[in-house]
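Visitor: heads up, no residue letters with this:
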């Protein structure tokens, strides 16, 4: 499954459960931020073949 298709399925499901989301476009940042009831989830979508970039590793260290 392509990352874009996986992302769409997750977004549709999250929205059906009342979660809002924002697509991010900055290099290294997670693909989406989901939010609900004062909580936020940072999601980077990857397929089995997907590789985490150095920029993504750097951001993960900062937000985890």
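Guide: The structure has been received and is ready for your questions. No experiment lies behind these values; they were computed from the predicted model shown.
Visitor: is it true that residue 33 touches residue 26?
Guide: No - taking contacts as C-beta atoms under 8 Å, residue 33 lies outside contact range of residue 26: 11.3 Å. Just so you know, the C-beta spots here come from the backbone N, C-alpha and C atoms, and that holds for glycine as well.
Visitor: these two: which has the busier surroundings?
Guide: In this view residue 33 and residue 26 are compared by other C-beta atoms under 10 Å, and residue 33 has more residues nearby, 15 against 8.
Visitor: distance of the more buried one from residue 60?
Guide: 14 Å (C-beta to C-beta, to the nearest Å).
Visitor: same check on residue 13?
Guide: Taking C-beta to C-beta, one finds residue 13 at 23 Å from residue 60.
Visitor: what of residue 43?
Guide: 12 Å.
Visitor: for the lowest-mean-pLDDT helix or strand in the chain, what is the distance to the chain centroid?
Guide: In the chain, no helix or strand scores lower on mean pLDDT, DSSP states H and E than helix 54-63, which sits at a mean of 93. Chain-centre distance of helix 54-63: 13 Å, with C-alpha atoms, centre = their mean, to the nearest Å.
Visitor: over to stretch 31-43?
Guide: Worked out by C-alpha atoms, centre = their mean, stretch 31-43 lies 8 Å from the chain centre.
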